[in-house]
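Student: after the sequence you'll find the predicted model.
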Amino acid sequence: MKKKVYPKVITIIFTLIGLAGGLIYSNHERIFYPQRFDISISMDNVEFINWISKGDNSYVSQEDPQIIIFNKNQQTAKEFAFLGNIEATGDATVFYAEGDDTFSEEQSMASKIDRTAQGFAISINLAADVFRIDLTEEPGVIMELSEIILNPSRFSINISITGMAALFGLICSLPFYFSLAAVKKIPALIENFKHFWYMLYNLVRRDFTIKYRRSVLGVVWSILNPLLMMMVLSAVFQTLFRGNIENFPIYYLTGSLIYNFVVEATNGAMTSVLGSGALIKKVYIPKYIFPLEKCLFSILNLLFSMLALVVMMFFLRFVPNWTVLLIPIPIVYTFVFSLGFGMILATLNTFFRDVSHLYGVFTTAWVYLTPIIYPVDILPDIVLSFVKLNPLYYYVEYFRQLVMYGTVPSLTMNLYCAFFSLSFLILGVAIFKKQQDKFILYI
Amino acid sequence: MSAAVEVNQVSITFNMSKERVTHLKEFFINLAKRQLLYEEFIALKDVSFTIEQGDVFGIVGLNGSGKSTLLKVISGILKPAAGSVNTYGTISPLIELGAGFDMELTARENIFLNGSILGYTKKQLKENFDSIVDFAEMWEFIDTPMKNYSSGMVARVAFAIATIVKPDILIVDEILAVGDFQFQQKCEQRISQLMAGGTTVIIVSHSIEQIERLCKNCMWLKRGQIEMIGPMQAVCDAYKRS
């Protein structure tokens, strides 16, 4: 019994360490540089222009009211917190200047007035000597102001970093579930795989033959399908909703090709074990072959569907950069992710058939959590931080950078992609391997 | 003579909950009711025996005595709950003919698909393709989808594929009951050929005559346990008397 409890404890500890690490990272500036935070600005460094003081920390605005703040301590101004209250609604305008420069429209930005418990706050995120804050443009607005604090310290959580750190802790603990003996078996596993590659080839071939056997156009459907779908969505989103994405057809296709590949591969893998029940009951086959085969088959379909992209580029006279040559990289990332996720789904689905019904709903939600038909920048920050937990976001973004924008994705991007792919693969293989001998009893 | 198959104290139990839990709802309801305890059904209990190389080994017993389960354990399809099975050499299991056939595909495609599932290499299959079709006498319908085949035709193709390359161990489960009289004779001839070549054969059959005709040694299974094991004639006589 003790042997079973021990890895679970490690899992909990590692996950907590990851969680704590994420929280510390989210607040690391506040912890390590406390002098940069909670700086009370002396009223000597503040000038009120066109604000009439009524005494008792209360002010009334005249025509064109301004508050000038001299940033004497040279700290980057992330945020100004005003203790008090103001009637004004809407955005404030912030001007910034260095030294003796005058304020200009070029060096200004709009910032929302956030209500806080003690007053209101304005986010800035800029380093400058002088700030001019126009809270309102209307005369007669009453403001109470007792103190201005630069960079109020608040406890913050970076959801994506914290979530990922916790997940990483969880993944790191998985090897503790296996003994060292498992590592020694790896050469035998590779040998095993070599033996079965020809079978894999034949299974993929079977799926391919069956999929296209009775249709007149055959493989052409793999190209036509995304093209037709793209026409419908282009019509809906570009005409009806007045979308403003440049090269929408290519934007959509790059997203949907990756999304469709993942959904097709995971769906295939999920039902693969049950679908091959007759075989599993009668011949000895390593069961990982089935999800693997479905994912390989989906890759084949993806390659055909990519011709749709080529056709579209030709029509739009869109000349891609040399970076298109790198597209095998995101495909490998996505494939590894799909395989791992598919193995998890296949295991769950064998024991609980409900999973396949639930997954249909999940994939529908997934379309909207992935920037396929909308641009990323329309998302509010809070939604974006959730979208960034979605592995598909990174794969789609990676693929788009190569195909559409012609840039090489950053190292961070690669790390994110590799992290999600490997995590899911390790998790998938671990779950699948642990349960595979029981499959036959539930088919 | 060295052993081809060693079975050491193998036990298999199946969970027989009244209805198998395959829905999350039931799982949680049962979990709440603490009814996840299964009734256990013992399919094999502490079975140990050894089959020598080149032996033709028959297994007899009534329905539900664990014969097919035992074959599945030997061929690696089922993992025993306790005990171990060692096999030496390649195994060709004929548990059910045509497992792995996709009926949408033609016989030609299925020969390659099923052959690769049984573990043959591409080279072996290409070299032996003609003799497989010859043996199955299926040249006429080689490019017809197999869903249009009769069960006898399917069995012929399947048997031809499974026995085309001499396996070290051949496992045969009731399959000789399908097909016409002529084909059954042909199959028995092929099995005799393999036996002469040193292949170990394990046969399960309800046809006691067939066992008597083919086997050297025999085992009688009763409710998952060995009732009797030894030379064929003695076991068969005892089984017939029971």
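Tutor: Good, I have the coordinates.
Student: chain B contacts on chain A?
Tutor: Residues of chain A found near chain B (CB under 8 Å from any CB of the partner chain) are A:195, A:198-199, A:201-203, A:205-206, A:209-210, A:213, A:278-285, A:351-355, A:437, A:440-442. Placement of C-beta: from N, CA and C, glycine included.
Student: which ChimeraX command selects the buried ones in the residues you listed?
Tutor: Buried residues within those, as defined by 16 or more other CB atoms under 10 Å in any protein chain shown, are selected in ChimeraX through the command that follows:
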select /A:198,199,201,202,203,205,206,279,280,281,282,283,284,285,351,352,354,355,440,442
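Student: tell me, please, the helix or strand in chain A that averages the lowest pLDDT.
Tutor: In chain A, the helix or strand scored least confidently by mean pLDDT, DSSP states H and E is helix A:181-184, which has a mean of 68.
Student: likewise for chain B?
Tutor: Lowest-scoring helix/strand for chain B, mean pLDDT, DSSP H and E: helix B:24-32, at a mean of 70.
Student: in strands only, show me the residues of chain A next to chain B.
Tutor: Secondary structure of the residues of chain A next to chain B is defined by DSSP state E; no position falls in strands.
Student: correct me, but B:Thr50 touches B:Ala3?
Tutor: Yes - counting by CB atoms under 8 Å, B:Thr50 sits close enough to B:Ala3 to count as a contact (4.9 Å).
Student: the nearest residue to A:Leu345 once chain neighbours are set aside and A:Asn349, how far apart?
Tutor: In space, A:Leu345 comes closest to A:Met270 once its chain neighbours are excluded; the distance is 3.8 Å by CB to CB, 6 or more residues apart in numbering or on different chains. Distance, A:Met270 to A:Asn349, using CB to CB, to the nearest Å: 5 Å.
Student: okay, and the common contacts of these two?
Tutor: Residues touching both A:Met270 and A:Asn349 comprise A:Val355, A:Ser356, with contact defined as CB atoms under 8 Å, 6 or more residues apart in numbering or on different chains.
Student: so which residue is dead centre in chain B?
Tutor: Nearest to the centroid of the C-alpha atoms of chain B, with distances taken as CA atoms, centre = their mean, sits B:Ile95, at 2.9 Å.
Student: report the rounded mean pLDDT for the host helix or strand of B:Val172.
Tutor: In this structure, B:Val172 sits in strand B:169-173 according to DSSP states H and E. Mean per-residue pLDDT for strand B:169-173: 84.
Student: for it, packing partners?
Tutor: Using 3 or more CB pairs under 8 Å, 6 or more residues apart in numbering or on different chains; DSSP states H and E as the contact criterion, the neighbours of strand B:169-173 among helices and strands are helix B:67-74, strand B:91-94, helix B:181-196, strand B:200-204.
Student: between that strand and strand B:200-204, how many degrees?
Tutor: Taking axes from the mean of the first three to the mean of the last three CA atoms, to 10 degrees, one finds that strand B:169-173 is oriented at 10 degrees with respect to strand B:200-204.
Student: who does strand B:169-173 pair up with?
Tutor: strand B:91-94 (parallel), strand B:200-204 (parallel) (DSSP bridges).
Student: hey, least reliable of those by pLDDT?
Tutor: Looking across the strands paired with strand B:169-173, the weakest by mean pLDDT turns out to be strand B:91-94, at a mean of 79.
Student: residues touching that one, excluding its own?
Tutor: Residues contacting strand B:91-94 (CB under 8 Å, 6+ apart): A:282-284, B:71, B:74-77, B:118, B:158-159, B:162-163, B:167-173, B:175.
Student: what's in contact with stretch A:107-115?
Tutor: Looking at stretch A:107-115 with CB under 8 Å, 6+ apart, the contacting residues turn out to be A:86, A:88-97, A:101, A:120-124, A:126, A:135.
Student: buried ones among those?
Tutor: With neighbours counted by 16+ other CB under 10 Å, the contacts of stretch A:107-115 contain buried members at A:86, A:88, A:92-97, A:120-122, A:124, A:135.
Student: strands - which of those residues land there?
Tutor: Among the buried ones among the contacts of stretch A:107-115, the members found in strands (DSSP E) are A:Ile86, A:Ala92, A:Thr93, A:Val94, A:Phe95, A:Tyr96, A:Ala97, A:Phe120, A:Ala121, A:Ile122, A:Ile124.
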